[in-house]
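Q: Fold the stuff below for me.
(chains A and B)
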Amino acid sequence: MEKAIRKYAPIFVIPTFAAFIIGFIIPFIEGLYLSFCKFTTVKNAKFNGLANYIHAFKDTQFVHAFGFTASFAVVSILLINLGGLGLALLLTRKIKGTNVFRTIFFMPNLIGGIVLGYIWQILINCLLSIIGQPLLALNSTAGYWGLIVLMCWQQIGYMMIIYIAGLQNVPDDLLEAAAIDGASKATTFFRVKLPMIMPSITICIFLTLTNSFKLFDQNLALTSGQPKHMTEMMALNIYNTFYARSGAQWKGYGQAKAVLFCILVIVISLVQLRATRSREVQA
Amino acid sequence: MKERQKISDKIWFVLLSILAVLYVYPVFMILINSVKKERAISTSTVFKLPTSETFSGLVNYANALGAQGFARSFLFSLLITVTSVAAILVFCSMCAWYITRVKSKFSQALYYLFVFSMVVPFQMVMFTLSQTADKLKLNTPFNIWIIYLGFGAGLAVFMFAGFMKSIPLEIEEASMIDGCNPIQTFFLVVFPILKPTMVSVGILEAMWVWNDYLLPTLVLDIKKYKTIPMLIQYFRGSYGKVEMGPMMASIMLTIIPIIIVYLIGQKQIIKGVTAGAVKG
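A: Residues are numbered from 1 along each chain as shown, chains lettered A, B, ... in the order given. Now for the predicted structure:
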């Protein structure tokens, strides 16, 4: 059978492969090469060694964006996962209306980042003006917490679904055994349920981690980095380096930052892969 | 004991209800302001329900659909989403079948390349991709699906391949022995079995393409074509005073179709959207 299929390789593989070359392989290789060049378009690139990378490391805004993104990631991972797990525990208790709650909490996940960001910008600015604080464009603290609230609103429902699936997979006889042994609710949770849902926890933590690092649309729509690039995350910083600056050197800097960003995301994903694998054996 | 359980359940029910109201509130706020007159939308009045004086009916909606170009953008978004998702479902499932059934160095390498592309953030390729798209004239809503097929192939091939490994070979072998060629075998035998994965991949990719902002912004000519996310961002960035009424109506018009589709296919959508996560 394999031989027969092999003969038809062009028909099965070429459409996707051709599009993949255009949409990924060529841009990726060109991008890698251009990060060592000074350029404004692909055609006028001039090799200039590591200059772009040196500049990227010296760029205080980029370094600030990394710190901002990392701090945002830590807080949002904690809040989203605690929120998602909490809701999942409540919604597996057979309280009435469970399905309606699930539907509502999951909904924001489907709305696009630009629209979400804009809705929350209106809402947060109105609240800020009522309590007499400076608006988002001048208020980096509000921008930071605004982004966190927005991400919680969008992602808690999603993580909740994954945690619910995890909790429903905990075998009933384990819980019965714990009850017969006289375990309290807290003990049952920490000693039985929590270890059993470790795979879900790993998945959710890494999902929120990569989502936080790759965040772009919500950042652009809610604060667009204002005030003075204080709330600019890494993806937005790269975008602004490319498109908000004039001058021949900036595109090269942007591409070098993009490569560094790409390496960072790949490292996170590799760690994730190892972590999920080693957990799966236990579960 | 049972009595106590009942009471605590009631308290939780009330707390969850409050939380649910808070969850829906941002959308509700947009809804009430989308039916207000322009002068009644300001920071101090935004939380107030419309009164008979400030109620403007569906004027803002008509305005958004017509003058603001929402209808056009909606059609572009729809066109791009339908063509991209259809292409991804057909071509990526074919490619994934080849990769899982033919064990060669080429198919292995291809598989790992696809997986790798899933991880790479868009910023890495955004500049060079938009230049490539320009060069090849893939910069209209009618053929941007080729770009989406290329950049979205990773996830789709990965999910299809994961599912195909569990399909028993015997079914396909039987159809080959009965005289089907590989194309017939794939479309008549394998394709129908793939239906649940098709739904998951379709939903996942549709959500991505429909809500995507950066890729179409960089690839399409913004003067001629704006998708919905582009339109919304464009209004906000444009100089002069943004008309809030039509803006709120545009946001509602963006959200309403999503909510309708969600309520109809809720189970499938939740399953589809999370399947990608759990497998990835």
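
Q: For the closest residue to residue A:108 other than its chain neighbours, give me its contacts.
A: Closest residue in space to residue A:108, ignoring its immediate chain neighbours: residue A:154 at 4.8 Å, by Cβ to Cβ, 6 or more residues apart in numbering or on different chains. Where C-beta positions appear, they are placed from N, C-alpha and C, glycine not excepted. Counting by Cβ atoms under 8 Å, 6 or more residues apart in numbering or on different chains, residue A:154 touches A:108, A:109, A:111, A:116, A:218.

Q: Pull out the buried residues from the host helix or strand of residue A:154.
A: Taking DSSP states H and E as the definition, one finds residue A:154 inside helix A:140-168. Under the neighbour-count criterion of 16 or more other Cβ atoms under 10 Å in any protein chain shown, helix A:140-168 has A:140, A:142-144, A:146-167 buried.

Q: burial measure for the nearest residue to residue B:9 once chain neighbours are set aside, as a count.
A: In this structure, residue B:9 finds its nearest non-sequential neighbour in residue A:95, 5.2 Å apart by Cβ to Cβ, 6+ apart. Neighbourhood size, residue A:95 [other Cβ atoms under 10 Å in any protein chain shown]: 15.

Q: And what about residue A:95, helix, strand or coil?
A: Following DSSP: H, G, I helix; E, B strand; the rest coil, residue A:95 is assigned to coil.

Q: got a list of what whatever residue of the stretch 1-150 of chain B ends up closest to chain A touches?
A: Closest to chain A within the stretch 1-150 of chain B is residue B:150: 2.0 Å, counting by Cβ to the nearest Cβ. Residues counted as contacts of residue B:150 (Cβ under 8 Å, 6+ apart) are A:19, A:20, A:21, A:22, A:23, A:24.

Q: related to what we said a few turns ago, out of the contacts of residue A:154, the closest to chain B would be?
A: Distance to chain B, by Cβ to the nearest Cβ, is smallest for residue A:111 among the contacts of residue A:154, at 6.0 Å.

Q: which of the contacts of residue B:150 come close to chain B?
A: Applying Cβ under 8 Å from any Cβ of the partner chain to the contacts of residue B:150, one finds that A:19, A:20, A:21, A:22, A:23, A:24 fall near chain B.

Q: What average pLDDT does the helix or strand containing the second one get?
A: Spelled out, it's residue A:20. For residue A:20, the enclosing helix or strand under DSSP H and E is helix A:9-20. Helix A:9-20 comes out with an average pLDDT of 88.

Q: continuing past it, what's the next helix or strand?
A: helix A:26-34.

Q: which helices and strands does that next one pack with?
A: helix A:250-282, helix B:122-135 (3 or more Cβ pairs under 8 Å, 6 or more residues apart in numbering or on different chains; DSSP states H and E).

Q: Go through it and flag the buried ones.
A: By 16+ other Cβ under 10 Å, the buried positions in helix A:26-34 come out as A:26, A:27, A:28, A:30, A:31, A:32, A:34.

Q: what's the spacing between residue A:8 and residue A:14?
A: Computed with Cβ to Cβ, to the nearest Å, the distance linking residue A:8 and residue A:14 is 10 Å.

Q: Could you name the helices and strands sitting against the lowest-mean-pLDDT helix or strand in chain B?
A: Using mean pLDDT, DSSP states H and E, helix B:266-279 stands out as the lowest-scoring helix or strand of chain B, at a mean of 73. With contacts taken as 3+ Cβ pairs under 8 Å, 6+ apart, helix B:266-279 sits against helix A:98-106, helix A:140-168, helix A:198-214, helix B:145-164, helix B:195-211.

Q: hang on, the earlier thing: now for the buried residues of helix A:26-34: which two are most distant?
A: For these, the farthest-apart pair by Cβ to Cβ is A:26 and A:34; their separation is 11.9 Å.

Q: tell me, what's touching the two both at once?
A: Joint contacts of residue A:26 and residue A:34 (Cβ under 8 Å, 6+ apart) are residue B:128.

Q: Report the residue spans of the chain with pLDDT below the cut-off.
A: With no chain named, the answer covers chain A. A:1, A:276-283 (pLDDT under 70).

Q: wrong one, I was asking about chain B
A: B:1-2, B:40, B:43-44, B:67-68, B:237-241, B:276-280.

Q: what does stretch B:13-32 rub up against?
A: A:90, A:95-97, A:100-101, A:104-105, A:107-108, A:119-120, A:122-123, A:153, B:46-47, B:49-50, B:248, B:251-252, B:255.

Q: OK, contacts around residue A:200?
A: So residue A:200 contacts A:162, A:163, A:165, A:166 (Cβ under 8 Å, 6+ apart).

Q: Now narrow these to whatever sits close to chain B.
A: Answer for the contacts of residue A:200 near chain B (Cβ under 8 Å from any Cβ): A:162, A:165.

Q: Going by distance to chain B, which of the contacts of residue A:200 wins?
A: For the contacts of residue A:200, the nearest to chain B is residue A:162 (5.9 Å; Cβ to the nearest Cβ).

Q: mind checking how far the residue of the stretch 101-250 of chain A found nearest chain B is from residue B:258?
A: Proximity of the stretch 101-250 of chain A to chain B (Cβ to the nearest Cβ) peaks at residue A:112, 2.9 Å away. Look at residue A:112 and residue B:258: by Cβ to Cβ, they are 8 Å apart.
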